[in-house]
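Trainee: 3D, please:
(one chain, ligands or ions: 1)
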Amino acid sequence: MTAQIIDGKQVAAEMRAELKDEAAKLKKKGIVPGLGVILVGEDPASQSYVTAKERACEDIGLYSDDNRLAANTSQADLMALVEKMNNDPRINGILVQLPLPKGLNEAEVLLAIDPAKDVDGFHPMNVGKMVVGEKAFLPCTPHGVIQLLIRSGVKLEGAEVAIVGRSNIVGKPLANMLIQKNATGNATVTVCHTRTKNLAEHTRRADIVIAAAGRPNTVTADMVKDGVVVIDVGVNRVEDATKKRGYRLVGDVDFEAVKEKASFITPVPGGVGPMTITMLLYNTVESAKRAAGLAK
Ligand code: NAP
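Mentor: Predicted coordinates:
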């Protein structure tokens, strides 16, 4: 069996087109969803992520408020900016690009964001709501994974899922979403990590394997069963002298070998990556609808 490739760029483009339509409808009602972006310091990777997020907002007709602050910005100034955005009705979502430079207290900043504008879904209020199955802003990468599965026609109900990784931004929230008693859940989930005794035993049993370990070749062909669905969240740089920049990006899965056994698989790049920003846009539109009393 050769797997069907789940094209994250395609799914993201479909979702962005839907969001663009929705933004146009809201505009007719005088509502323009707004994202407030805060970037502290000059980390090149963070700069390019923030630029991509702002461009994506523009593309679908959202307002973005760009705040680029010097690396030596004080905690008090940063907190004051968050507070200003909390009180600004044009801003429906607040994004603080992480990591913050050393010396700034990340947890304090994230806690200061109004949970109603926490479009990253990292505030404990939203995390708690998600865990108990209440309406919450879902964190973007795990929500993007679930959208990729659903939109590819993969059945979650009753599926055995093995997640490799238990971070607060991917593994744990994903496991929580997948066990909820709703249409995007009802799976049976095993969460694996570095202390898991026999990783392959768990992945081999799974109908769906989701790799979020941050290490190339964590999931190899001998570790999965025929017909498995594989979602690769990992993004790793490996040296490659044939590339101008000296490296290429790979996931956590041995893509070439695993695709011969899987029924569906995501590539890296071009799988989960494009979905993360899309879900941020989704949450920002959702937040604007909630603020206007239009959310379902
Ligand atoms: P993280 O915080 O480093 O967590 C990695 C997790 O994987 C940890 O729970 C770790 O276990 C586990 N792990 C590592 N090696 C393992 C192994 N050999 N066997 C079993 N478990 C193992 O990473 P993260 O932030 O969740 O990110 C994971 C990957 O996804 C990274 O490559 C990251 O770049 C990528 N990512 C991509 C996107 C996107 O938009 N595409 C977004 C976020 C992250 P312990 O807890 O025991 O240490």
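Trainee: find the nearest non-adjacent residue to R237, please.
Mentor: Y247 (4.4 Å; Cβ to Cβ, 6 or more residues apart in numbering). Heads up, the C-betas are built off the backbone N, CA and C, glycines and all.
Trainee: so what's the backbone phi/psi at the one you found?
Mentor: Per-residue torsions, Y247: phi -150, psi 170 (degrees, to the nearest 10).
Trainee: how near is it to the ligand?
Mentor: Y247 sits 14 Å away from the ligand, going by Cβ to the nearest ligand atom, to the nearest Å.
Trainee: what's the burial count for that residue?
Mentor: 13 (other Cβ atoms under 10 Å).
Trainee: how close does it sit to G273?
Mentor: 16 Å (Cβ to Cβ, to the nearest Å).
Trainee: ok so, going back, partners of the residue nearest to R237 in the sheet?
Mentor: For Y247, the beta-bridge partners are E239 (DSSP bridges).
Trainee: ok, it - contacts?
Mentor: Y247 sits next to R237, V238, E239, D240 when contact means Cβ atoms under 8 Å, 6 or more residues apart in numbering.
Trainee: switch to 10 Å and redo it
Mentor: N236, R237, V238, E239, D240, A241 (Cβ atoms under 10 Å, 6 or more residues apart in numbering).
Trainee: do A116 as well
Mentor: N86, N92, G93, I94, H123, M125, N126, F137, S287, R290, A291.
Trainee: the residue nearest to the fifth one when sequence neighbours are not counted: how many residues sit nearby?
Mentor: Take H123 and drop its neighbours on the chain: the residue closest to it by Cβ to Cβ, 6+ apart is P115, 4.7 Å away. Applying other Cβ under 10 Å, we find 16 other residues in the vicinity of P115.
Trainee: can you check D207 too?
Mentor: Neighbours around D207, by other Cβ under 10 Å: 19.
Trainee: keep the contacts of A116, but drop any that are not near the ligand.
Mentor: Among those, no residue sits close to the ligand (Cβ under 6 Å from any ligand atom).
Trainee: of those residues, closest to A257?
Mentor: Nearest to A257 among those, counting by Cβ to Cβ, is F137 at 37.2 Å.
Trainee: near the ligand, which residues of the stretch 51-200 of the chain show up?
Mentor: 141, 164-167, 169-171, 192-196, 199.
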